[in-house]
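Asker: next comes the sequence, and after it the predicted model I'd like to discuss.
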Amino acid sequence: MGIDSVNIDGTTDGQRPAHTGLLGAGIYIVEHLTGLDQLDAPGFELFAVPVKVRAMGSFPIRAFAVWRD
């Protein structure tokens, strides 16, 4: 799941229902993305390459899309 906002859940009450549901279903969440408007048609593959870390709930990644013909 990729979004262009700060958090897929609200930030006022500390509850994280979207995080819990998506991660529990094996769906990763990528937040703070930019340029999503450029991916306006089928034919791309999205990569989210993390750094090698352990025991962290949030960390930076390099996200990029590759167009496939």
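Answerer: Nice, I can see it.

Asker: what helix or strand is Phe59 located in?
Answerer: Using DSSP states H and E, Phe59 sits within no helix or strand.

Asker: ranges for the helices of the protein?
Answerer: Per DSSP state H, the chain carries helices over the ranges 17-24.

Asker: tell me the contacts of the spatially closest residue to Leu46 that is not a sequence neighbour?
Answerer: Spatially, and ignoring its direct neighbours in sequence, Leu46 is nearest to Ala65 (5.0 Å; CB to CB, 6 or more residues apart in numbering). The C-beta positions use only the backbone N, C-alpha and C, and glycine is treated the same way. Contacts here follow CB atoms under 8 Å, 6 or more residues apart in numbering; on that basis Ala65 touches 39, 44-47.

Asker: tabulate these (a markdown table), appending distance to Leu23 and neighbour count.
Answerer: Converted to a markdown table, the contacts of Ala65 look like this (distance: CB to CB, whole Å; neighbours: other CB atoms under 10 Å):
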| residue | distance to Leu23 | neighbour count |
| --- | --- | --- |
| Leu39 | 23 | 14 |
| Phe44 | 24 | 13 |
| Glu45 | 22 | 9 |
| Leu46 | 18 | 13 |
| Phe47 | 19 | 10 |
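
Asker: residue ranges with poor pLDDT in this structure?
Answerer: Within the chain, the set of residues satisfying pLDDT under 70 is empty.

Asker: how about the strands in it?
Answerer: In the chain, the segments counted as strands under DSSP state E are 44-50, 61-67.

Asker: run through the bridge partners of the residue sitting nearest the centre point of the chain.
Answerer: Relative to the mean C-alpha position of the chain, the nearest C-alpha, by CA atoms, centre = their mean, is the one of Val30, at 1.0 Å. Val30 has the following beta-bridge partners by DSSP bridges: Gly2.

Asker: give me every residue that touches it.
Answerer: The neighbours of Val30, taking CB under 8 Å, 6+ apart as the test, are 1-3, 48, 61, 63.

Asker: for Glu45, see how far away it is.
Answerer: 14 Å (CB to CB, to the nearest Å).

Asker: and if you look at Thr34?
Answerer: In this view, Thr34 and Glu45 are 18 Å apart by CB to CB.
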